[in-house]
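A.B. asks: got a predicted structure plus its sequence, pasted below:
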Amino acid sequence: MKLVDQHDPILRQKCEPFNFNEPVVDPYELSDELHKIRIEGGGIGLAAPQVGINTQVLVIGMGNFQTEGTEDYNQVFFNPVITSTEGNETYMMEGCLSYPGLFVKVKRPETIVLYWETEEGTGCDEKFEGITSRILQHEVDHLNGITFIKRAERYHLEKAKKDLKMQKRLRKRQNNTTISA
């Protein structure tokens, strides 16, 4: 398994539910592999379609990105569904392993209630707030064929693209200076 390119059509299609009776991959192996790729990529969340698998599974983990007040969720979610949202919608910068270097302001609800299944197929319900809520919303969107650039307002997306272009130019300039020195 490896990350798919941002232009891969799987990122724009709704994924099939994970079938525990006929799994595409063993649930534990899939969980381990998704966490491995997420960690290698330096991410805090990863959904199965991002590695080319058309099924509703996502993983999250805070690891080195933990901030005060957040718990270290190193967790897998099969067939997750956001059942309700609460609180104000707030803007935060989001990035995505499928869109390297692109960081966009996206507006999302502060709190969600999520239903999902464990590796064994046991149903769970829990309320998530703050950064964990945001990560889950971003990843659930992936399972529904929605990328974060679709959630962004046009102004914020254009600004993010312009910033990325500028960063690439600066890196290229720095590399040329280093090589000729």
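C.D. replies: Perfect, I can see it now.
A.B. asks: ok, the residue nearest to residue 99 when sequence neighbours are not counted - contacts?
C.D. replies: Leaving aside its sequence neighbours, residue 99 sits nearest to residue 6 (C-beta to C-beta, 6 or more residues apart in numbering; 5.1 Å). Every residue, glycine included, has its C-beta placed from N, CA and C. Residues in contact with residue 6 (C-beta atoms under 8 Å, 6 or more residues apart in numbering) are 98-99, 147.
A.B. asks: out of these, who has the most neighbours?
C.D. replies: residue 98 (25 neighbours; other C-beta atoms under 10 Å).
A.B. asks: element containing residue 38?
C.D. replies: Element membership of residue 38 [criterion: DSSP states H and E] is helix 27-40.
A.B. asks: tell me where the protein has strands.
C.D. replies: 45-47, 57-61, 74-96, 99-117, 123-129 (DSSP state E).
A.B. asks: out of the ones you listed, which is closest to residue 25?
C.D. replies: Residue 25 sits nearest to strand 57-61 of all the strands of the chain, at 8.8 Å, using C-beta to C-beta.
A.B. asks: tell me the mean pLDDT for that closest one?
C.D. replies: Mean per-residue pLDDT for strand 57-61: 95.
A.B. asks: distance from that strand to the middle of the chain?
C.D. replies: Centroid displacement of strand 57-61 relative to its chain, using C-alpha atoms, centre = their mean, to the nearest Å, is 8 Å.
A.B. asks: contacts for it, please.
C.D. replies: 18, 27, 30-31, 34-35, 38-39, 44-48, 72-80, 132, 135-136, 139-140, 142-143.
A.B. asks: which neighbours in the sheet does it have, and how are they oriented?
C.D. replies: Partner strands for strand 57-61, per DSSP bridges, with pairing direction: strand 45-47 (antiparallel), strand 74-96 (antiparallel).
A.B. asks: next, the angle from the last one to strand 123-129.
C.D. replies: Translated: strand 74-96. 40 degrees (axes from the mean of the first three to the mean of the last three C-alpha atoms, to 10 degrees).
A.B. asks: next, the buried residues of the longest helix along the chain.
C.D. replies: Longest helix in the chain, counting residues (DSSP state H): helix 154-180. Within helix 154-180, the residues that count as buried by 16 or more other C-beta atoms under 10 Å are 156-157, 160, 164.
A.B. asks: which secondary structure elements does it contact?
C.D. replies: In this structure, helix 154-180 packs against strand 99-117, with contacts taken as 3 or more C-beta pairs under 8 Å, 6 or more residues apart in numbering; DSSP states H and E.
A.B. asks: what about 10 Å?
C.D. replies: strand 74-96, strand 99-117, helix 148-151 (3 or more C-beta pairs under 10 Å, 6 or more residues apart in numbering; DSSP states H and E).
A.B. asks: now those in JSON lines, with mean pLDDT and distance to residue 62?
C.D. replies: Output for the helices and strands packed on helix 154-180, formatted as JSON lines (pLDDT from 0 to 100; distance: least, C-beta to C-beta, whole Å):
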{"stretch": "strand 74-96", "mean pLDDT": "95", "distance to residue 62": "8"}
{"stretch": "strand 99-117", "mean pLDDT": "95", "distance to residue 62": "16"}
{"stretch": "helix 148-151", "mean pLDDT": "94", "distance to residue 62": "18"}
